[in-house]
Structure formats: structure tokens, C-alpha cells
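1. coordinates for the following, if possible.
(one chain, ligands or ions: 1)
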Amino acid sequence: MKPFGPETGGTETGALKPAGPFSAPERAAVYRAIHERRDVRGQFLADAIDEAVLSRILRAAHAAPSVGLSQPWNFILIRDDAVRCAVRGAFERANAEAREMFEGDRRALYSDLKLQGISEAPLNLCITCDRRRGGPVVLGRTHAADTDLYSTVCAVQNLWLAARAEGIGVGWVSIFHEADLRRILGLPDHVVPVAYLCLGHVRELYETPELEIHGWAHKHALADMVFEDRWGGGE
Ligand SMILES: Cc1cc2c(cc1C)N(C[C@H](O)[C@H](O)[C@H](O)COP(=O)(O)O)c1[nH]c(=O)[nH]c(=O)c1N2
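-> Numbering: from 1, shown residues only. This next block holds a predicted model:
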């Protein structure tokens, strides 16, 4: 079988199908994936990810919504140690610079944080956005140029949630000079590296975000984030 194909679903008949709520256990599973998803840096097991599992989570990413159905993403699967080693070097360079951007206690705390699992994770994956995908004028992007990037992030989130359901941990690493990633991965100028991800099986995950555990940041209450009708709640 060709890897990652063929597509299933999508009858293209234009027929509607029932779309009521999921059953209670199905809903619970969806919310569980959402609430138990974590950014993983240090819990990766060495076991390779089975191709069937990888295919399912890539298919979930590829099912994401995209502006004008442009599907601007590509998935670069990185297993070569030489490539990872170069990416790890790019991270170390940027991370040393990042550390200097924080002052005092924050700098010390930053130094203690583990912010990537590039070498430990059995698979690295770069999800890119082709800014030319769909041609010069894309429906929905005519007045919002960055919607191709937003679409790609939708694919990232789909993959992250599907991975959680499969017992695969995902860690997003963004501490790079973009030019370094471009050079190492051979990206053309019109392709943006949106997400560099580390993937691998995990047996355990933290219950709360690691940055919260280490006192770097805390989760905000939903009630503080919801406004009515206009910014700030309309006082
Ligand atoms: C765009 C983007 C970029 C990054 C991240 C996330 C996102 C969305 N995160 C993970 C981030 O720190 C994490 O999502 C939050 O701390 C919340 O934790 P949970 O994802 O809920 O575990 C992240 N984590 C990390 O250790 N190194 C990194 O470079 C990044 N970069």
C-alpha cells in the first residue's frame, strides 16, 4: 500500500448526513483528548511510531479546515540523525540567545526549563505552509493574508489531539531562527516552517502544563477571557 493513502470518506455526492450530538462516551473521548493533551518535552519512549498510527494522525491533520480549501500544509517527516542533529544545534543557538532576553530570577528559571525533545523523540515533524498554494487569489484570503498560516495551525492542532488519542506525545519547538530551519530542511522561500514537532509514544503525561508546574506561567480563568459584544465586556 502506498504510504499515507488512499483517502477514505467524502462521497462527493453533496448529500447531507445526520449531524446530531455524539453519544455521551464519544463526547467524553473528544473532551478527554482536548483536556489531556500536553506539550511533551521529556517523556518520550524510544519505540518507533507504527506507520498505521502515523498515517491516522497525519490524516487527522490533513482533515483540518483551510482557507478556500487551499490545504497549504506539507508534513516533513524527519528521522535522519544528521538532520535532527543540525536542528538541535539550531535550537541550542537560539535558546542561548533566548535565555539572555530574560532578567534575574526569570533567566535562572528559564535555564532550568526543558524546552525540546528533538534528540529523544523517535520522530520529528515539520509542518510547513506553502504561501503560494491555491494560486494568486484564494477565496477567504483576499483580505486576510495570514489565513493560510492559521489554516496550517489548525492542522497542527488536529494532529496534536489525534496523537493524544493514540498515546503519542507531541512537543512544539519554536526556539529557532527561521533561516536555520529553512536551510537545514531545504525550504523554498515561499514555504514557511510553521511548526517543528517532536513525536513519540508516552506512558505518562503531566496533569497540568509544565510551565505552570515550574512556576513560569499560570492558566487564566475562562471567565476572564470572555467578553460580551466588544473588547473588555462593554463597560
Ligand atoms: C506556537 C507554539 C510554540 C511553542 C509551544 C506551543 C505553541 C502553541 N510550546 C508549548 C507550550 O509551552 C505549551 O503548549 C503551554 O505551556 C501549555 O502547555 P500544554 O500544551 O497545555 O501542556 C513550546 N514548548 C516548549 O517547550 N518549547 C517551545 O519552543 C514551544 N513553542
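2. can you classify the most centrally placed residue in the chain by secondary structure?
-> Geometric centre of the chain, nearest residue: Val156, 3.5 Å, by C-alpha atoms, centre = their mean. Secondary structure assignment for Val156 (DSSP: H, G, I helix; E, B strand; the rest coil): helix.
3. contact partners for it?
-> Counting by C-beta atoms under 8 Å, 6 or more residues apart in numbering, Val156 touches 61, 127, 172, 194-195, 197. Quick note: C-beta positions are derived from backbone N, CA and C, even for glycine.
4. 10 Å - rerun?
-> Neighbouring residues of Val156 by C-beta atoms under 10 Å, 6 or more residues apart in numbering: 61, 64, 73, 125, 127, 170, 172, 194-195, 197.
5. out of the residues you listed, which are inside helices?
-> Among those, the members found in helices (DSSP state H) are Ala61.
6. name the helices or strands packed onto the biggest strand by length in the chain?
-> Looking across the chain with DSSP state E, the single longest strand is strand 191-201. With contacts defined as 3 or more C-beta pairs under 10 Å, 6 or more residues apart in numbering; DSSP states H and E, strand 191-201 has these neighbours: helix 51-62, strand 73-78, helix 81-100, strand 123-130, helix 147-166, strand 168-173, helix 178-185.
7. switch the cut-off to 8 Å
-> Here strand 191-201 touches strand 123-130, helix 147-166, strand 168-173, helix 178-185, going by 3 or more C-beta pairs under 8 Å, 6 or more residues apart in numbering; DSSP states H and E.
8. any part of it near the ligand?
-> No - counting by C-beta under 6 Å from any ligand atom, the ligand has no neighbours in strand 191-201; the shortest distance is 6.9 Å.
9. separation between the residue nearest to the centre of the chain and Glu100?
-> 28 Å (C-beta to C-beta, to the nearest Å).
10. can you check Ala217 too?
-> 19 Å.
11. and stretch 197-208, what's buried?
-> Using 16 or more other C-beta atoms under 10 Å as the test for burial, stretch 197-208 gives 197-202.
12. which residues of this protein lie near the ligand?
-> 38-39, 41, 115-116, 172-175, 209, 211.
13. the residues you listed: which two are farthest apart?
-> Arg38 and Ile175 (18.2 Å; C-beta to C-beta).
14. pick out whichever of the two has more residues nearby.
-> Legend: neighbour count by other C-beta atoms under 10 Å for Arg38 and Ile175, higher for Arg38 (20 against 17).
15. now do the contacts for the more buried one.
-> 164, 169, 205-206, 209-210.
16. how about the buried residues of stretch 197-208, which pair is most distant?
-> Leu197 and His201 (14.4 Å).
17. if I look at the residue lying closest to Arg133 once chain neighbours are set aside, how far off is Met225?
-> In this structure, Arg133 finds its nearest non-sequential neighbour in Pro72, 4.1 Å apart by C-beta to C-beta, 6 or more residues apart in numbering. Using C-beta to C-beta, one obtains 28 Å as the distance from Pro72 to Met225.
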